[in-house]
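Asks: build me a structure from this.
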Amino acid sequence: MEKMNVESFNLDHRAVAAPYVRIADRKILPGGDTLIKYDVRFTQPNTAHLDMPAVHSIEHLSAELMRNHTDKLIDFSPMGCQTGFYALTLGIEPQEFMPILEATMRDILEATEVPAANEVQCGWGANHSLGAAQEAARGFLAARSEWEQVMA
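Replies: Numbering: from 1, shown residues only. Here you go, the predicted model:
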């Protein structure tokens, strides 16, 4: 297969074993800062996916709550395939990122509402489910010992 520009298009999605967390990209900026992009995969590609209200709510919850643990999160965004998320960070190495991610998932389990899940602050405020987000986070946390095992 020809090498493509998008890193994840070069990943054999049949060979991975979700859930997992891996570095998807690392870029050194002209000023010397390093961007590290994580593939935070909740479900097995082409086998399972998260429903959109769960994806949307995990996005909101993680984007808000992870920033309580670090000021180096640039973005937390969903994958179009609905199997996981990308976390873009300012130089957070895996040994620091994993505990931050774990703490964020625990925060999701304790949440009583999805932040900014309304028509004023969100483009589709009705498309959220705290319960579905918590169920997905619970399953992801249950596999914590497997997060660093990417390939099947």
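
Asks: quick one, phi/psi of the residue nearest the centre of the chain?
Replies: Centroid-nearest residue in the chain, with C-alpha atoms, centre = their mean: Phe85, separated by 3.2 Å. Per-residue torsions, Phe85: phi -140, psi 160 (degrees, to the nearest 10).

Asks: that one pairs with what?
Replies: Val40, Pro78 (DSSP bridges).

Asks: surely it and His56 touch.
Replies: No - using C-beta atoms under 8 Å, Phe85 is not in contact with His56; the gap is 11.1 Å. Glycine gets a C-beta too; all of them are placed from N, C-alpha and C.

Asks: intersection of neighbour lists for the two?
Replies: Common contact partners of Phe85 and His56 (C-beta atoms under 8 Å, 6 or more residues apart in numbering): Pro78.

Asks: list the contacts for His13?
Replies: 45-46.

Asks: what do you get for Leu65?
Replies: Leu65 sits next to 104, 107-108, 111, 115 when contact means C-beta under 8 Å, 6+ apart.

Asks: so which of those sit within helices?
Replies: Those of the contacts of Leu65 mapping onto helices are 104, 107-108, per DSSP state H.

Asks: out of those residues, which is nearest to Glu148?
Replies: Distances from Glu148 to those, taken as C-beta to C-beta, are shortest for Thr104 (16.9 Å).

Asks: list the contacts of that closest one.
Replies: Shown here is Thr104, whose contacts under the criterion C-beta under 8 Å, 6+ apart are 61-62, 65-66, 69.

Asks: now for those residues, which sits with the most neighbours around it?
Replies: The member of those surrounded by the most neighbours (other C-beta atoms under 10 Å) is Leu61, with 27 neighbours in all.
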